[in-house]
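*Asks:* Sequence and predicted model, in that order:
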Amino acid sequence: MHDARIGRRQLYALSAAALLGPALRLYPTASAVYAGRAAWLCALAALPVLLLYLRFLGAFCGKRRDGEGLAELTLRALGPQLGRVVLGLFGLWLLLYAGFTLRVGAERCTVTVFPYSGEAGFALTLAVLALLGALGPLRSLARAARMALPWLLLLLIPLLLAGLFSARRVNLLPLTVYDLPAVAKGAVPVIDVVSMGLYTGALLLRQVPRREGDLRAASLAVGGSSLLLTLAGTAVIGTLGSELCLHLSQPFFTLVRNLVFFGSLERVEALAAALWVLPDFLLTALLLYGAQLCLRLSLGQAVDDRGQRRWELRGGRWIIPVCALTAAVLSLTLAPNAAVLRRWSLQLIPMINLAVAFVLLPLVYVIGRQRKAL
């Protein structure tokens, strides 16, 4: 056994890399439903809400003791009985999201690169890889994310800058003050994606040493994410237009498919899609880790992550492969066709996630303060 703690920067890298996939899947399409051509501003409009939510999580997690994260704080705030019930539901939600992530990751591969192949093979392969990641030490996932994130950004940012050169002004402007209510509505999908990254990251704080300045560094990370999404929205909306985005399942990859570099007809969408497997892997492994943590605590088991061997299933670790199997089954049954998948993506998953982030967790915090447990 060894110390399996991770650093603050590793935690930020893991959360950021894992969220690249869902962020570019939802944005700017989900925002364009409400804001039209103004959707490229929605990420900036979401920033104040996200910073306020980050302050809430900072106040909540500021009550943690050594070895505690959001799950342990929830258990302490609500007491052993109600706390276990809530953690059980929280763990099931993370499993549902893991299954959904496997499903949309498989769809991305088939739509963008392998249109004549089935989705089950991709989903099951990614589930096995995520299981291996969740069984291993969290430090391994964090280190992988820390190394991969610069390369992902090195690919993403030039693609988006190239998309800006193809953008047309008529797709982005003019805008007036009357567009502000629509922009506010379009900010909700951005809040949905980033808030999920914030509270899942808070689950991992149990393995992050306490230190000052965490909130300021996290605020800078959230601000950088908002700017990156604004760049993505401007490139996609400016090039394709908001009306076309509404009818595309993967607008970012449609943008990439139509980019031409140095006068060459060689396209890079296959490379981009291949590199996007890594964020899907990291997100699924992160969700499996969070789900097994919540479920083990809900069953009254002590969770001691000190770098156990990957296939050591004692001490409640048998829950990890059960979670992976459950997520794999969900990925195969959750959305049998594209219409159902779109409903899950744009309606059901965001609705549940926002309820968890902005109703359940604040309620847990208030109850904990009232009980003087925090």
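*Replies:* Happy to help now that I have it. Numbering: from 1, shown residues only.

*Asks:* Quick one: the helices in the stretch 151-300 of the chain, in order.
*Replies:* Using DSSP state H, counting those that start in this stretch, the helices assigned to the stretch 151-300 of the chain run over residues 180-203, 214-240, 242-245, 251-257, 269-275, 277-298.

*Asks:* Could you tell me the angle between the second one and helix 180-203?
*Replies:* Looking back up the chat, that one is helix 214-240. With axes from the mean of the first three to the mean of the last three Cα atoms, to 10 degrees applied, the angle from helix 214-240 to helix 180-203 works out at 130 degrees.

*Asks:* and if you look at the last one?
*Replies:* For helix 277-298 and helix 180-203, the angle between their directions (the same axes, to 10 degrees) works out to 60 degrees.

*Asks:* hmm, back to that, nearest to Leu153, of the helices of the stretch 151-300 of the chain?
*Replies:* Closest of those to Leu153 is helix 214-240, at 8.0 Å (criterion: Cβ to Cβ). All C-beta atoms are positioned from the backbone trio N, CA, C, and that covers glycine.

*Asks:* before we move on, the earlier item: mean pLDDT for the helices of the stretch 151-300 of the chain: which is lowest?
*Replies:* Comparing mean pLDDT across the helices of the stretch 151-300 of the chain, the weakest is helix 269-275, with a mean of 65.

*Asks:* picking that back up, could you say which of the helices of the stretch 151-300 of the chain is packed most deeply?
*Replies:* Of all the helices of the stretch 151-300 of the chain, helix 277-298 has the most neighbours on average by mean count of other Cβ atoms under 10 Å, namely a mean of 26.

*Asks:* For that helix, name the packing helices and strands.
*Replies:* If you count contacts as 3 or more Cβ pairs under 8 Å, 6 or more residues apart in numbering; DSSP states H and E, helix 277-298 packs onto helix 8-26, helix 70-78, helix 80-112, helix 120-135, helix 138-166, helix 180-203, helix 319-333.

*Asks:* buried set for the longest one?
*Replies:* Residues 83-84, 86-87, 90-112 are the ones in helix 80-112 that count as buried (16 or more other Cβ atoms under 10 Å).

*Asks:* any idea of the mean pLDDT for stretch 341-353?
*Replies:* Across stretch 341-353, the average pLDDT comes to 88.

*Asks:* buried stuff in that stretch?
*Replies:* Across stretch 341-353, burial judged by 16+ other Cβ under 10 Å covers Leu341, Trp344, Ser345, Ile349, Pro350, Ile352, Asn353.

*Asks:* Quick check: end-to-end length of that stretch?
*Replies:* Criterion Cα to Cα, to the nearest Å; first-to-last residue distance in stretch 341-353 is 16 Å.

*Asks:* Contacts only, for Thr230.
*Replies:* Trp40, Leu41, Ala43, Leu44 (Cβ atoms under 8 Å, 6 or more residues apart in numbering).

*Asks:* which residues of this structure score low on pLDDT?
*Replies:* 1-4, 111-117, 211-214, 259-275, 305-310 (pLDDT under 70).

*Asks:* For Ala142, see how far away Arg5 is.
*Replies:* Counting by Cβ to Cβ, to the nearest Å, the gap from Arg5 to Ala142 is 10 Å.

*Asks:* My error: substitute Ala46 in the last question.
*Replies:* Ala46 sits 26 Å away from Ala142, taking Cβ to Cβ as the criterion.

*Asks:* Comparing these two, which residue is more hemmed in?
*Replies:* Each of Ala46 and Ala142 has its neighbours counted (other Cβ atoms under 10 Å); Ala46 has more, 30 against 27.

*Asks:* Report whether the expected contact of that one with Leu227 is present.
*Replies:* No. Using Cβ atoms under 8 Å, Ala46 is not in contact with Leu227; the gap is 11.7 Å.

*Asks:* Report the separation between the two terminal residues of stretch 334-345.
*Replies:* So stretch 334-345: terminal residues 11 Å apart, Cα to Cα.

*Asks:* Contacts for that stretch next, please.
*Replies:* Contacts of stretch 334-345 (Cβ under 8 Å, 6+ apart): Arg25, Leu26, Gly99, Phe100, Arg103, Val104, Glu107, Ser249.

*Asks:* now it: how far from the chain's centre is it?
*Replies:* Stretch 334-345 sits 18 Å away from the centroid of its parent chain (Cα atoms, centre = their mean, to the nearest Å).

*Asks:* And stretch 77-84, by the same measure?
*Replies:* 27 Å.

*Asks:* what's it in contact with?
*Replies:* Counting by Cβ under 8 Å, 6+ apart, 74-76, 86, 297-300, 364-365, 367-369, 371, 373-374 sit against stretch 77-84.

*Asks:* So which of these wins on neighbours?
*Replies:* Busiest of those [other Cβ under 10 Å] is Thr74, holding 27 neighbours.

*Asks:* follow-up on the earlier one: wait, which of the helices of the stretch 151-300 of the chain is closest to Val359?
*Replies:* helix 180-203 (11.7 Å).

*Asks:* Can you name every helix or strand that the closest one contacts?
*Replies:* Under the contact criterion of 3+ Cβ pairs under 8 Å, 6+ apart, helix 180-203 touches helix 8-26, helix 29-35, helix 42-61, helix 70-78, helix 214-240, helix 277-298, helix 349-355.

*Asks:* do that again at 6 Å, thanks
*Replies:* Packing contacts for helix 180-203, counted by 3 or more Cβ pairs under 6 Å, 6 or more residues apart in numbering; DSSP states H and E, involve helix 8-26, helix 29-35, helix 42-61, helix 70-78, helix 349-355.
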